[in-house]
Structures are given as C-alpha cells and as structure tokens.
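# Only the shape, not the letters, is given here:
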C-alpha cells in the first residue's frame, strides 16, 4: 500500500510534467524582461519568484471563475530558460488530470492583468503572455480638443487686436480732420493774399480762367 | 501781351493731409523688415538639405560665389532703384520707361500668387502649433481603430508622424483630380493665419515696422536655444560631421552650381517687388549700398547658422532610429535564443551575431533581422514641408520635454514665414497705392483688409483634400521661372534702358560714393549673364524631368512609399499658365504702349500744329 502511494506520489510530478508541454494546446508561454524594466533594481528570478507567479495566477483564476478551489499547485510551470521565459498550464482543481481550456485562462489573465503586472513591478511589455495581446489603452479624449482651446485663445487675441487698431485708426483720422478744419478756419480768417488773389478763391476750383488767353469767338476781329 | 512774372502761389493744404509718403520710424525697422523678408522658411528647410546633398562644406563655395556675383548686386539694384524713384514696383518701371510697366505687373501677380500658398504653409504651421500643447504629442502614437483591437491600418503601415501629416492634417486624396471637400479645420487655421497677417499688415509699413521687431528677431533666439539643446543630444556630432564633411568632387557637377545660384536668388526674395516697396519708403539720402551688403550677408549667414541645429537634431534622430533598429534586432535574438535579458547589448551585438552565425545560422536567417546602418538613416533627409512636419516632428518626440521644443519650433517657423509674407503683401499694396487705384474715401485699413480677404478666399483651394498637390504646383511653377524672367528684365532695364551712368549718378547722390568696379562689372555683365544661364539651365532641367507628383495613396501596392503620378493634361496646362501669366504682361504692356504711341503719332500728323496760336491766325480775307 505504502509503495503504491509512493509510486503514485512519484508519478504526480511526472504526470504534471506530462500535462505541461511547450506548445501544448492549453499552455501559454510567458516571457519576463526584468532587467529591461528595472535596470539596477532588477531582482533575481528564482524559485520563490516562481512561487509568487503561480500564486498570482491562481489568484487570477479564482477571481475569474469565482471558485476558491484554485491553489498554487493548480499551476504547473515547465521549460524554464535563462531568458527568463517558461510555459505554464492550469490544472482543473476538481479533476487534476484535465487542464483549464485556453480561452478561460486567457480571460482570467486579461481580467487581472494589472494585478499580475504590479506583483512583479513589470508592465504589459516586460511581462509578456505570448498569444494574449495587451488591451490597448484608449487615448484620453478630453471633452473639447485641446487644439481648439489654443485656437480660440489665439483668435480672440487677434480679433481684439484688429478691432483695437481699426478703432484707434478711425479716432486718429477724426482727430486729424478736426485739427485740419481748425487750421483752415484760422487761415481763412487771416485771408492770406498772394499776388492780389485771395487764396480761398483758388480752393475747389480747377484754376482761374485767364481771359487774355481764352480762345473766344471774338478772337477774330469783326468785319 | 506782356508776360507777367508769376510768383508762386502757395495753396494751403486741402481738407485732408497731402499724399505724404509713409516712412520708416528708423533705419533699424527698415533693415529688420528687409532681413525678415529675405530670411524665410527656405533658409531653414531648403539650405541644409542642399548643403547635405551637395557635399556638405563644399557647397558653401558655389553658394558664396553666387552670393557675391549674383545675389548682392541684384539686391543692391532693387534697393537703390526703389529708394531713388520712391515708388512701388509698377511705378518704378513705369518711370524708367512706360514700355516696362509689365515688369511691375508681373511682380505684382507673382507676389499675389506666392502669398496665397505661402500663407497656407503658415496655416499648417499654426495647426501643428495648436496641437503642440497636448501630452503626449498627437503624432507620437497611432490612433486605435474602430473596435479598439489594434491601430488604424494606414497608420500601422506607415508611421504615426506620416499618418498625422497626411491624414489628420491634410486629409489628402489619392490623386490631384479627386478634389475632396474643404477641410473645416484647415479653413479655420487658414483664417487665423490671415487674421494674424492682417493685424500686422493693417496700416502698411506703420504696423509692419513694429511687428518686425519681434518676427525678425525671434527666430534667431529660438535657433540659438535649439543649437544649445541640440549639441547636447546623443548623435548630434554624427549629424554635424555628416553635414559639413566637404566632398569636393561634387563641385564638378554643374547641377550643384545651378542649385547654388537658384537658391541664392530665391532666398533673397528678389523680383517680388517687395524690396523695391520697402526701400521706396526710405529717405533718399540713405546708404543703400551698405544695406544691400548687410541684408545679403545676414541672409546667407542665417542659412548656415540654421543648418547647424537642424543637422544636429537630424543626427540625433538618425542615431535614435539606428538604436531602435538595433534594439529590435536584439530583442528578436534574445527571444528566439532564450538568452538572458540584457545580455545582448548594442556594444556586443556584433560579436553575438558572429557567434550565432557560426552556431545557429539557419535560425538566425529565419529571424529576418533588419539591416541597421547609421549612414542609411542619416541619408534619409528631406527638404521643405517634409523636413518640418515629418522628419523634425519625429525627432521632437524623442527629445525630453517634447511639447516645449515643438512649440518653440513652430513659433519660429511661423515668425520666419510671417516676416516674408509682409514683403509679399507690400509687393501688392505699394504698387496699387502708387497707381492711385484706391478711392480716396477707402481707409487704408479697409484696403489691406480687402487684400487679405480676397487672398484668403483664393487660398481656400489649398484647404481641399487635394490642396497639398496644388500647393506643390504653385511652389514649383510660380515661385521659380517667372521670378528669373522678371529679375532679368529688371537688371537689363536698369543698366541699359535707364542707363548705368545715370544710375551710378543717382547712387552717388544718395550714398555719397560712386559705385566701384565690382558693382559696375556685376551689373553690366556678370549678373545678367548668370541670370540668363540659370534661366536656360533651369528650363533644360525642367524639360528633362517628367511632370509627376508624389501622391499619398493608402491603396498603393508599395504603400507607404508615395506613388509617382503624372499630371493630367488640364493640370499641366494650369502649370504652364501659372508660369507664363506673370511674364506675359511684359510683352503685352510693351505692345500696348507701342500701339498707343503709334496712335498718338498718327493722330498728331493728322492734327494741326499744337503750337499754333489761333489768336494770330491771319484773316482769311
């Protein structure tokens, strides 16, 4: 009996390994780029970190399915490389011989992606689940596009400027006309005389008709 | 009749101020305006490109030779003639000879047409400026597609920068015959560009003179800031070395000399009539010789000065792209061979590659690694709108504090273009004012407003979907050949019709010094000769090139490469029309005056002697 139990126990990891196959139907490859993400603060990937990963994944499954039967032992990892990358599968807690189908695992990871990332201080780019593309964050759309605000400000300044210049030009012109009228009034009162002709008579006329040079009908002496 | 001695009658000034010509507040305003007109967008986005294409430092040789023998003499001639005759372009040529009025009309038309498309470019700059206040910059990322599963296909295939320019800014159609609609966002940007131009131009040189204190000096400030920043960026030295390394053998190619001569000519904004207009507001006793040398030298110095930060930044961009390419390859290798993270770096990439080639050559080949060559990235230069809106915007994304640099850059471009627009518009306004076309009751503000409004309405063509293609047409056909023809006629008229002797006397009267041998030689022979050669060479080159344009077509097989399409017949006819209409006025006006002269002679020979005094006609008895 004891030997059978021992045999069964020794078979479990073997079975587990058999369940977890790279490129398996329900397996996912994970790739971590810790040094890229953290640089000098990068931690070493060891057994404990692996344990954390399996626990986080179990948490994700629990959250997704609502069943609290998932455990660290439900997640099996294989084919670790120095990259750091590995494959994992999730065993069905009720029936340890079968695996949770790929879609369910994917949905579970999608749901808790943020939590999984934060547990390892990584991001979507540095903690990659191959085959599960990260949901792209929609760009933030403010209610009014920023550029229209800037445009409004600029146009406001320009319009005010134009109006100010037009009005000031108008006022300037009115003032100039008024001073010229005043000057004219003064000059008229002085009655400037030049050459025996009062200057005001010259205003507004095209010139003075000099009778001595006009070609009238009586240029020819009458017979 | 005894002739009475007529003493002069002094008529008091009539109800409004007499037609006193406006004048500059001080010399600095005048110089800054001329410099602002000459220094434009071309100094920033055409000269560095030419420098890089034609052998770096070696290009400076034909450039400076062209400046000395073509640029400065023509500049001096325009400034002197405007200052002496105190009229705009049409008035000046009419004064020299009524047969030459067409030269002025040509200048007017060219100024108008160039003003149309030039301000559209400023509208684009404004659009980018408005968008530079966002975080992140909108041309950094591709927008998501409808169901948010990925990026928009057009953007994913090309780059976010290209997508932002061609789709979100221009919304360009696949070819020129497909007009598309008026893009409302472009229309309001164009309206704001014309509004800003109007506010500076509203009272002619009175307001322009104040505006240029800012618009002419601000670009230098920004260029200096960029210079300091750019020199601290990684890869800047590669860019500068690439730019300035002289390749002297390039000088054997005649195309280099042609491009240097054309660049100097167009860079100084000659033959627009704007310089003549500006100098006509000067007092007559002004040293125009020194002004011409100052403006010419500063224009070229600005070109050279601007190319330094531009190329430092382009070097930085090329290095970034090269590093991204390397990093992409490194990631592929790391993932494929499960090597430890960050074990393959840029430094040991080559040795890793060699090692893997010997051990796993087949798998390495299957990875299809990109071939990363820094030289190739440096070669990816551009000129014109491509430099500003595609290449430079991409570089700006990679710089920390992108928004600041983007804002500074676009404000600089805007003030560069704005000060050039002043010259274009003065080239339209001054001749019209001198011709007394404007009714007296119309205030100047209204007339300038009318000019801006009419230009805005015409420029709406460029806001359509196919607007960019039309702008290229205007740029290539209006802003090139007609100017060469007009400038040639200008210098021939001044030297041979007005008379170089009379012109030298005028300059001696104005500046106190007779023009020396250098001016005499260049005005009489060298500059007209160079203009003629450049003109003929230009025609030869144009005829040899197929009349095609680069279209952005997302459905093109080789997308994101642009598709080279032929101009349809009617479009090509419009191109020819645009080139010839400004020039056609020269012979038309000459012919018209000639016919008038003939008619007058015929009339006179039929009429009685006008000196006949009928009062003394003997009696017919």
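Thanks, I have the structure now. What you see is a predicted model, and the numbers here were worked out from it, not measured in a lab.
# What is the burial count for the residue in the stretch 1-150 of chain B that chain A sits nearest to?
Chain A sits closest to residue B:130 of the stretch 1-150 of chain B, with a gap of 3.9 Å, by C-beta to the nearest C-beta. Where you see a C-beta, it was placed from the backbone N, CA and C, and this is true even at glycine. Residues lying near residue B:130 (other C-beta atoms under 10 Å in any protein chain shown) number 24.
# Quick check: it touching residue A:145?
No. Counting by C-beta atoms under 8 Å, residue B:130 stays clear of residue A:145, with 9.1 Å between them.
# what sits against the residue of the stretch 1-150 of chain B closest to chain A?
Residues counted as contacts of residue B:130 (C-beta atoms under 8 Å, 6 or more residues apart in numbering or on different chains) are A:146, A:147, A:148, A:150, A:151, A:154, B:189.
# need the helices for chain A, in chain order.
For chain A, the helices defined by DSSP state H occupy A:2-19, A:34-38, A:47-65, A:102-111, A:113-119, A:146-190.
# Present those helices as JSON lines; the columns should include mean pLDDT and mean neighbour count.
Formatted as JSON lines, those follow (pLDDT from 0 to 100; neighbours: other C-beta atoms under 10 Å in any protein chain shown):
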{"stretch": "helix A:2-19", "mean pLDDT": "64", "mean neighbour count": "11"}
{"stretch": "helix A:34-38", "mean pLDDT": "85", "mean neighbour count": "18"}
{"stretch": "helix A:47-65", "mean pLDDT": "90", "mean neighbour count": "17"}
{"stretch": "helix A:102-111", "mean pLDDT": "87", "mean neighbour count": "17"}
{"stretch": "helix A:113-119", "mean pLDDT": "88", "mean neighbour count": "15"}
{"stretch": "helix A:146-190", "mean pLDDT": "86", "mean neighbour count": "13"}
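# could you dump the ones you listed to a markdown table with distance to chain B?
Shown next, in a markdown table, are these (distance: least, C-beta to the nearest C-beta, whole Å):
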| stretch | distance to chain B |
| --- | --- |
| helix A:2-19 | 19 |
| helix A:34-38 | 4 |
| helix A:47-65 | 14 |
| helix A:102-111 | 13 |
| helix A:113-119 | 15 |
| helix A:146-190 | 4 |
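# Dump those helices into CSV; add distance to residue B:506 as well.
Putting the helices of chain A into CSV (distance: least, C-beta to C-beta, whole Å) gives the following:
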stretch, distance to residue B:506
helix A:2-19, 101
helix A:34-38, 74
helix A:47-65, 89
helix A:102-111, 83
helix A:113-119, 80
helix A:146-190, 34
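# between the ones you listed, which gets nearest to residue B:558?
helix A:146-190 (32.6 Å; C-beta to C-beta).
# So which elements touch the closest one?
The contact analysis (3 or more C-beta pairs under 8 Å, 6 or more residues apart in numbering or on different chains; DSSP states H and E) places helix A:146-190 against helix B:101-131, helix B:184-201, helix B:444-459.
# ok now the helix or strand hosting residue B:292, how far from the chain's centre?
Using DSSP states H and E, residue B:292 maps to helix B:288-337. Averaged C-alpha coordinates place helix B:288-337 at 21 Å from its chain's average position (C-alpha atoms, centre = their mean, to the nearest Å).
# now swap in stretch B:333-343 and tell me
51 Å.
# ditto for stretch A:19-32
Centroid displacement of stretch A:19-32 relative to its chain, using C-alpha atoms, centre = their mean, is 35 Å.
# Kindly report the same for stretch B:182-202.
So, by C-alpha atoms, centre = their mean, the centroid of stretch B:182-202 is 19 Å from its chain's centroid.
# What residues of that stretch count as buried?
Of all the residues in stretch B:182-202, those buried under the rule 16 or more other C-beta atoms under 10 Å in any protein chain shown are B:183, B:185-202.
# quick revisit: of all the helices of chain A, which one is nearest residue B:262?
Of all these, helix A:146-190 comes closest under C-beta to C-beta, at 35.3 Å.
# That closest one versus helix B:444-459: what angle between them?
Orientation note: helix A:146-190 sits at an angle of 150 degrees relative to helix B:444-459 (axes from the mean of the first three to the mean of the last three C-alpha atoms, to 10 degrees).
# Please name the nearest non-neighbouring residue to residue B:61.
residue B:251 (6.5 Å; C-beta to C-beta, 6 or more residues apart in numbering or on different chains).
# now, among the contacts of residue B:130, which is nearest to residue B:343?
Closest to residue B:343, out of all of those and judged by C-beta to C-beta, is residue A:146, at 43.0 Å.
# if we can go back for a sec, now render the helices and strands packed on helix A:146-190 as a markdown table, adding mean pLDDT.
Output for these, formatted as a markdown table (pLDDT from 0 to 100):
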| stretch | mean pLDDT |
| --- | --- |
| helix B:101-131 | 94 |
| helix B:184-201 | 94 |
| helix B:444-459 | 93 |
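# Comparing those, which comes out most buried?
helix B:101-131 (a mean of 25; mean count of other C-beta atoms under 10 Å in any protein chain shown).
# how about the helices in the stretch 501-621 of chain B?
Along the stretch 501-621 of chain B, the stretches classed as helices by DSSP state H, counting those that start in this stretch are B:517-521, B:527-544, B:569-606.
# Those helices: which one's closest to residue A:108?
Using C-beta to C-beta, the nearest of the helices of the stretch 501-621 of chain B to residue A:108 is helix B:569-606, at 59.7 Å.
# which of the residues in the closest one are buried?
So helix B:569-606, judged by 16+ other C-beta under 10 Å, has buried residues B:571, B:574-575, B:578-579, B:582-586, B:589-590, B:593.
# Specify which member of the residues you listed is nearest to chain A.
residue B:593 (28.2 Å).
# I'd guessed the closest one sits against residue B:93; true?
No. Using C-beta under 8 Å, residue B:593 is not in contact with residue B:93, being 11.5 Å away.
# what sits in contact with each of the two?
residue B:101.
# so where is chain B shaky, pLDDT-wise?
B:1-19, B:608-610, B:612-621 (pLDDT under 70).
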